[in-house]
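Asker: let's see this in three dimensions:
(chains A and B)
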Amino acid sequence: MATKAAALPQLVDNTSILTRLFRALLPYLLIAPTLLGVFTFTLLPAVRTVHDSLYQPPRMARGEPTFVGLENYASLFNPQHHLGARFGQILGNTLAFSLATVGVSVPIGLGMALLLNRRIRAMGFWRFAVFYPSLLPLIGAASIWAFLYADTVGLINTTLRALGLPTNNWLGNPNTVLASIITVDIWKQSGYHMLFFLAGLQAIPQDLYEAAELDGASYWQQLTALTLPLLRRTLLFVLVVALTFSFQTVEQLGALGMGKPADRGNLLLYFIFQNIGERRNWGYINAMSVILAGMLLVFTVTNFFLLERGREDER
Amino acid sequence: MQIYRRRNGWSIAADALTVLISVIWLLPLIASVFMSLRPASRPLSQDTLLWALTAADERGIFLPWFTLENYERALLIAPWGSHYLSSIIFVVGTLVVQWFTVTFAGYAFARMRFVGRDLLLYLILLQLMIPAGVLLVQNFATIRQLGLYDTHIAMMIPYWASAFGTLLMRQAFREVPIELEEAARIDGANLFQILWRVYIPLSIPSLLAFSIVSVSSHWNELLWPLIITRSPEVRPLTVGLNQLFTTSDTGAAYGLLMAGTLMVISPLIVLFVLFQKQFINSFASSGLK
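Answerer: Numbering: from 1, shown residues only, chains lettered A, B, ... in the order given. Predicted coordinates:
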């Protein structure tokens, strides 16, 4: 026992450099798997996409690509070009789709969370009722709505007819097709946002509300002065996630008109998929991908700065 | 946690609004269930409402209001058993690895100081900002290079690193009082014990929320598995559902489509209903005392 006790300080000295090295490297080891995955399946392919957007693909399978600079981008905004003629409409649709779905589904999600964060009977049922659409595959949700929207046999038109109201070909009418697609997405995503607002609300300490109540603050005063400022981080998180989703949700178009009529119901990512088969479009597809990613980056960074700056001002 | 202490006009209005929103949100599901049970010989036509339980056809013969024929036909179209198994392997294999990666990375970014931390976090967050959809073709090339084409691993591997989960766990771990970690360290606990005994138990709601999001999004994944697999025994349920769309003609086959859709989504809905009690308990116990 005595020898062990005497040897101990020396042991600690010997391992301290190794221990220190291990401690210094530990954070990098912990993030290594995540970093490696992000590098291999996000960053590297993203760089390759930018690279390929500056080249025209070879005519033959074995040829060398030709460097064309920004010509692929210029062609997309040229109405005479076979893709450029359609690109403007689709870009506008994509922006409208994202702003409308995020702008409506995030406030609805917050409202649902506020409604369901109360003492109410059969709570599980109400939460399920608004959350279940986000459990559905996009193509499944779209197929349900394709049935609701269908022109002659659809539920909405059948109901309208029974009530003696005029019907509408929701997915065939160029003026309603985009709004119909947006509606599906709002229905699908709101409950998903609700989940995170609910988590945020329940992280707020109850005694803050008790104190506010003692001071005679009304529900609306508590909401605007206490709840919403404390939900700011959750809101930022939800907005980032919602925007990212909105730019990527295109699988539903397979059941909701496939971009028709006349591209009025088309979205950018779906347009990319529609043209991915042809080699001559490779450069343009990569240019469109860069534009899509760029728009998302602008939106996300803007959000981040608006909300972070707002938080700084409060201090 | 907001609690109405008195019943008043506002709380009754809020209850009514809750019921109204829930009913609107449930209607499409109820409609699809009704449609899936509807005989193909009795299509939804101009003079029949979906909800009508009995109706006479044009010859005056009353038809049964429901049938399982749509489900029988949907079952014959695809090898559902292997699709189900494949979906389960995909979802579970993805989630289990994610638990480790997001916990480790979330802790490192929440509580450790190291050179380049913010830069590395921003690099990882780029995953949230770059739509995975636009990377599909380049990632397909990578998977072929790795020799993983048409395997379960190929479906999972791009999701093992999750910026979303890392951000969520970082947020959750930051709210854990640092004194608890310090106390555990004084007691001689190593990092893995601290994570397992202190951080994870206090972050169960976030971990559950992340798990639900992960499971539901991968259960529903379509494009990536479609591109990266070829064999029916590797392909998940959504691809089977997709097959249902390509084999059925438009219009009259909505009953069949609803049956197929419900077959694919029901396991997840059942799982959620069972899971929800734990879910709500862990969420609500922090507020409702």
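Asker: helices of the stretch 201-315 of chain A, start to end?
Answerer: Along the stretch 201-315 of chain A, the segments classed as helices by DSSP state H, counting those that start in this stretch run A:206-214, A:219-222, A:228-230, A:232-248, A:268-274, A:282-314.
Asker: need the winner for burial among those helices.
Answerer: Between the helices of the stretch 201-315 of chain A, helix A:268-274 has the highest mean count of neighbours, a mean of 23, where neighbours are mean count of other C-beta atoms under 10 Å in any protein chain shown. C-beta: built from backbone N, CA, C; applies to glycine.
Asker: pLDDT below threshold where in chain A?
Answerer: With pLDDT under 70 as the threshold, chain A has low-confidence stretches at A:1-15, A:61, A:277, A:308-315.
Asker: still on that earlier bit, output the helices of the stretch 201-315 of chain A as CSV; include the columns distance to chain B.
Answerer: What follows is the helices of the stretch 201-315 of chain A, written out as CSV (distance: least, C-beta to the nearest C-beta, whole Å):
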stretch, distance to chain B
helix A:206-214, 5
helix A:219-222, 7
helix A:228-230, 12
helix A:232-248, 5
helix A:268-274, 5
helix A:282-314, 4
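Asker: how about the ones you listed in a markdown table, adding distance to B:S11?
Answerer: Rendered in a markdown table, the data for those read as follows (distance: least, C-beta to C-beta, whole Å):
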| stretch | distance to B:S11 |
| --- | --- |
| helix A:206-214 | 15 |
| helix A:219-222 | 9 |
| helix A:228-230 | 20 |
| helix A:232-248 | 24 |
| helix A:268-274 | 44 |
| helix A:282-314 | 30 |
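Asker: out of these, flag the one nearest B:A209.
Answerer: Checking the helices of the stretch 201-315 of chain A against B:A209 by C-beta to C-beta gives helix A:232-248 as the closest, at 11.2 Å.
Asker: so which of the helices of the stretch 201-315 of chain A is nearest A:T101?
Answerer: Across the helices of the stretch 201-315 of chain A, A:T101 has its closest neighbour in helix A:232-248 (4.8 Å, C-beta to C-beta).
Asker: B:W10 is nearest to which of the helices of the stretch 201-315 of chain A?
Answerer: For these, distance to B:W10 was read as C-beta to C-beta. The smallest value, 6.9 Å, belongs to helix A:219-222.
Asker: which residues sit against that closest one?
Answerer: If you take C-beta atoms under 8 Å, 6 or more residues apart in numbering or on different chains as the criterion, helix A:219-222 is touched by A:Y209, A:A212, A:E213, B:Q2, B:W10.
Asker: of the helices of the stretch 201-315 of chain A, which is nearest B:Q98?
Answerer: helix A:232-248 (16.1 Å).
Asker: what about the nearest residue to A:N266 once chain neighbours are set aside, how many residues nearby?
Answerer: When the adjacent residues along the chain are set aside, A:N266 lies closest to A:G259, with 3.4 Å between them (C-beta to C-beta, 6 or more residues apart in numbering or on different chains). Summarising burial for A:G259: neighbours were counted as other C-beta atoms under 10 Å in any protein chain shown, giving 22.
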